[in-house]
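Peer 1: Pasted the sequence and its predicted model underneath.
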Amino acid sequence: MSDKTMTADEVVSRLHSGMTLGIGGWGSRRKPMALIRALLRSPVTDLTIVSYGGPDVGMLAAAGRIRKLVAAFVTLDSIPLEPHYRAAREAGAFELMEIDEAMFMWGLHAAAHRLPFLPVRAGLGSDVMRVNPGLQTVTSPYADGETFVAVPALRLDAALVHVNRADRQGNGQYLGPDPYFDDLFCEAADTAYLSCERVVDTAELTKEAAPQTLLVKRHTVTGVVEAPNGAHFTSCAPDYARDEAAQREYATTPWPEYAERHLSAPQGAGS
């Protein structure tokens, strides 16, 4: 089995403008911020971003890197609406496909299973269908004849996720209370890059945690980046909580000033 370890900059060197990029985590929780910062230091742009959005979306939107966003929400959790995302969206800076959380999840499932769509009840009778006129419905071929929303597969060119531990082959482990959907992002993508707090030997992954914590499987992972504090300022339980002071600074600082302060040159993963 190959050693898949690489640096954040090596990951970004494999990305290119125009890609559809999925980003794991949820809101302001366990986002792959070290990879996002490396991406922001690159010239890659014109991206379609697929994310349960947090500061990953806010930063990329503020930097003008997003052509289209597919999201169920964009939040900083303790700050309900991500301010940099909001400003970019109000300025009409990118196209938005806003769908229900369940529809988003089943779109990832469809892509992971290489299906063009999956039928769901979520969205019927709601404004989701009005604001996304491209969404289609399908009728059950069986006796029930029920109508469903045909949620299109959220197929990704690449995925970026962050977990607590990983081995060099790409097995990724979460140790917090919620796996989110990082495994689906990896399975829905042609290539997937996993950052982690610490790279350990494979045998160590199950010494103190159950096998069920091995969220991401090595066959779905292209590269592994050891990035201590690599989700900062978002949380990465149980390793650390969200840094509320750093998040407030981000939310209240004009983007050019924030970018100059934190993104002008490669820094530590938690900067």
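Peer 2: Done, it's in.

Peer 1: what's the nearest residue to residue 179 if we skip its chain neighbours?
Peer 2: The spatial neighbour of residue 179 that comes closest, neighbours along the chain excluded (C-beta to C-beta, 6 or more residues apart in numbering), is residue 215 at 5.0 Å. Bear in mind the C-beta positions are built from the backbone N, C-alpha and C, glycine included.

Peer 1: tell me the phi and psi of the one you found?
Peer 2: Recorded main-chain torsions at residue 215 are phi -70, psi -50, according to degrees, to the nearest 10.

Peer 1: all strands for the stretch 101-250 of the chain, in order.
Peer 2: Secondary structure of the stretch 101-250 of the chain (DSSP state E, counting those that start in this stretch): strands at 117-120, 136-139, 147-152, 156-166, 172-173, 189-199, 223-226.

Peer 1: any low-confidence regions in the chain?
Peer 2: Per-residue confidence of the chain (counting by pLDDT under 70) places the weak regions at 1, 265-271.

Peer 1: Could you give the separation of the top helix by length along it from the chain centroid?
Peer 2: As far as residue count goes, and with DSSP state H defining each element, the longest helix of the chain is helix 101-112. Mean C-alpha position of helix 101-112 versus that of the full chain (C-alpha atoms, centre = their mean, to the nearest Å) differs by 13 Å.

Peer 1: Report the angle between that helix and strand 147-152.
Peer 2: 60 degrees (axes from the mean of the first three to the mean of the last three C-alpha atoms, to 10 degrees).

Peer 1: Use 880 as the first number from now on
Peer 2: Will do, 880 is the new start, and the previous item becomes helix 980-991.

Peer 1: Give me the buried positions along helix 980-991.
Peer 2: By neighbour count, with 16 or more other C-beta atoms under 10 Å as the criterion, the buried positions of helix 980-991 are 982-991.

Peer 1: Would you convert those residues into TSV that also reports distance to residue 955?
Peer 2: Supplementary listing: those in TSV, determined by distance: C-beta to C-beta, whole Å:
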residue	distance to residue 955
982	23
983	18
984	21
985	26
986	24
987	22
988	27
989	29
990	27
991	28
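
Peer 1: Could you point out which of the residues you listed is nearest to residue 1023?
Peer 2: residue 985 (19.0 Å; C-beta to C-beta).

Peer 1: Where do the helices of the protein begin and end?
Peer 2: All helices of the chain, identified by DSSP H, fall at 887-892, 912-919, 934-941, 962-969, 980-991, 1006-1010, 1061-1066, 1123-1131, 1134-1141.

Peer 1: which secondary structure elements does the first one contact?
Peer 2: When you say that, I think you mean helix 887-892. helix 912-919, strand 1102-1105 (3 or more C-beta pairs under 8 Å, 6 or more residues apart in numbering; DSSP states H and E).

Peer 1: highest average neighbour count across the ones you listed?
Peer 2: The densest packing among these, expressed as mean neighbour count by mean count of other C-beta atoms under 10 Å, is seen in helix 912-919 with a mean of 25.

Peer 1: what distance separates that helix from the middle of the whole chain?
Peer 2: Taking the mean of its C-alpha atoms, helix 912-919 sits 12 Å from the chain's own mean (C-alpha atoms, centre = their mean).

Peer 1: correct me, but residue 1027 touches residue 996?
Peer 2: No. Using C-beta atoms under 8 Å, residue 1027 is not in contact with residue 996, being 9.5 Å away.

Peer 1: Show me what residue 902 is bridged to.
Peer 2: residue 930, residue 1039 (DSSP bridges).

Peer 1: Hmm, it is touching residue 1035, no?
Peer 2: No. The pair residue 902 / residue 1035 is not scored as a contact, 9.5 Å apart, by C-beta under 8 Å.

Peer 1: Overlap in contacts, the two.
Peer 2: Taking C-beta atoms under 8 Å, 6 or more residues apart in numbering as the contact rule, residue 902 and residue 1035 both touch 929, 1064.

Peer 1: what are the bridge partners for the nearest residue to residue 1101 once chain neighbours are set aside, then?
Peer 2: The spatial neighbour of residue 1101 that comes closest, neighbours along the chain excluded (C-beta to C-beta, 6+ apart), is residue 1070 at 4.3 Å. Using DSSP bridges, the bridge partners assigned to residue 1070 are residue 1037.
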